[in-house]
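J.: Task: produce atomic coordinates for the following.
(chains A and B)
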2 protein chains.
Amino acid sequence: MPYQYLFFIPLRTTVYMCPPALIPYKPKNPKTRLSKILSQEEREQFAEAMLSDVKDAVKDAMCNPVLVCSELFDSEDVQVTIIDADLNGTLNEILPQSIAETLIIMADLPLANSEAIRRVTSTKMDMAIVPGRGGGTNVIFVKEPKRFHVDYYGASFQKHMKIAQEAGLSCEVVDSFRLHTDIDEEEDLVELLIHGSGKSRAYLESLGFTLAVEKGRVGVIRNR
Amino acid sequence: MPYQYLFFIPLRTTVYMCPPALIPYKPKNPKTRLSKILSQEEREQFAEAMLSDVKDAVKDAMCNPVLVCSELFDSEDVQVTIIDADLNGTLNEILPQSIAETLIIMADLPLANSEAIRRVTSTKMDMAIVPGRGGGTNVIFVKEPKRFHVDYYGASFQKHMKIAQEAGLSCEVVDSFRLHTDIDEEEDLVELLIHGSGKSRAYLESLGFTLAVEKGRVGVIRNR
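T.: So this is what the prediction gives:
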């Protein structure tokens, strides 16, 4: 029945392609700004728990995690190793080779959920960005990766908006506190203990962290 | 022509009712956590500029601002004065008398825009909440105000979620960094200088504040 085969091929081509989600990740001695309250081993385990939460959210949003690691990391994930410790250079080698739409999402966003990521990947514009706290960039989604390049560190949100503009790419800024809240400092742990539900929150709690309700904003204390 | 009059009355009743937006506001000596970098007079002008930005966003989202003030404040807005300096008590006297859906939004959210507020007021649940930074509550929208009461200060987000649950009210947590970012501390000014576009950003710039790009998160400096 050749007629059926004729239908079969076009149907396959309409299957939704899961975009790769590039996740920069530093397995050794990460999150040094938390050194006052977490040992190096604890920071490494905490970073891995956050990565796990981000991967879960990414997969729920139908994206394929690809770790972009500062060194070889023992996991089953697809991995790319960062060349000469240069994240920007490595990503800017990957992007021109990417033929499909691509997500870049940081590994320290344990409040990420699939709803927020889908708001990013369903943008009607050429690309979408979620700013991080303090001027950074937490998520980038770009439909034609070869037209964009990254410039992380410092006030990268403003740099990325400018790069998009200069490339003639329309860009949506997605308004999500879940993707805006990167965990770098002690006060950020408050947000994770209040709004988190994954492995990284459970890990913090296993270390004895709880909320400390004082005047003004809530803090954290470690009980053991 | 009595026929026309018959139509006239039903049409009036279908007109969209703009919900009141209660905005707690402290005109005198506000934002004391900014005392290191702003004088009292500057803090009062800055608070008023932020209030103005919030009112603009609220009006753009088709809500009617009603100031809930710690003392009489010279403006043309509808005002309620807080009884015995007790914000919770005052709001909890207003809510049972409110027959229509009601928004409560803080005055220190200068990144608020109409899109974010509409995401709140268009909730399909009984109510919606936007958490603030550090455990607070920045926005509450409730369709039947008499079934809810507020309990601000401390870890109010968790308290409000519990009050909603105990009242049998379904509650959406709206994921917005624009409404999540309340301006209390120096580091918060970074977000306003990056993402703000209204009077409060212009006021900060008129005082000489600019971004200071260092390692890690971006800070602010005051040049005069």
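J.: Which elements pack onto whichever strand or helix holds A:E42?
T.: Using DSSP states H and E, A:E42 falls within helix A:40-60. Under the contact definition 3 or more C-beta pairs under 8 Å, 6 or more residues apart in numbering or on different chains; DSSP states H and E, helix A:40-60 sits against strand A:20-25, strand A:64-69, strand A:102-105, helix A:114-121, helix A:199-206. All C-beta spots, glycine's among them, are computed from the backbone N, C-alpha and C.
J.: buried ones in stretch A:170-186?
T.: If you call a residue buried by 16 or more other C-beta atoms under 10 Å in any protein chain shown, then stretch A:170-186 has these buried ones: A:171-186.
J.: Now do the contacts for the closest residue to A:D126 other than its chain neighbours.
T.: Residue nearest to A:D126 in three dimensions, not counting chain neighbours: A:L169, with 4.0 Å by C-beta to C-beta, 6 or more residues apart in numbering or on different chains. If you count contacts by C-beta atoms under 8 Å, 6 or more residues apart in numbering or on different chains, A:L169 has them with A:125-127, A:142, A:144, A:147-148.
J.: Could you give me the ChimeraX syntax to select whichever of the residues you listed are buried?
T.: Restricted to buried positions by 16+ other C-beta under 10 Å, the ChimeraX selection for those reads:
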select /A:126,127,142,144,147,148
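J.: hang on, the earlier thing: among the buried residues of stretch A:170-186, which ones lie close to chain B?
T.: When contact is defined as C-beta under 8 Å from any C-beta of the partner chain, the buried residues of stretch A:170-186 meet chain B at A:175-178, A:180-181, A:184.
J.: Take those residues and keep only those in helices.
T.: Secondary structure defined by DSSP state H assigns A:177-178, A:180 of those to helices.
J.: isn't there a helix covering A:V130?
T.: No: secondary structure of A:V130 (DSSP: H, G, I helix; E, B strand; the rest coil): strand, not part of a helix.
J.: need the residues of chain A near chain B, please.
T.: Contact residues, chain A versus chain B (C-beta under 8 Å from any C-beta): A:33, A:115-116, A:131, A:133-136, A:154-155, A:157-158, A:175-178, A:180-181, A:184, A:187, A:190-191, A:194-195, A:211, A:213-219.
J.: just the buried members of the residues you listed?
T.: Neighbour counting with 16+ other C-beta under 10 Å marks A:116, A:131, A:133-136, A:154-155, A:157-158, A:175-178, A:180-181, A:184, A:187, A:190-191, A:194-195, A:211, A:217-218 as buried within those.
J.: So which helix or strand of chain A has the lowest pLDDT on average?
T.: Within chain A, no helix or strand scores below helix A:2-13, which has a mean of 43 by mean pLDDT, DSSP states H and E.
J.: Point to the residue nearest the middle of chain A.
T.: Taking C-alpha atoms, centre = their mean, the centroid of chain A lies closest to A:I105, which sits 2.4 Å from it.
J.: Leaving aside the residues adjacent along the chain, what's closest to that residue?
T.: A:V139 (4.9 Å).
J.: and whatever helix or strand the one you found lives in, average pLDDT?
T.: Here A:V139 sits within strand A:137-142, counting by DSSP H and E. Across strand A:137-142, the average pLDDT comes to 98.
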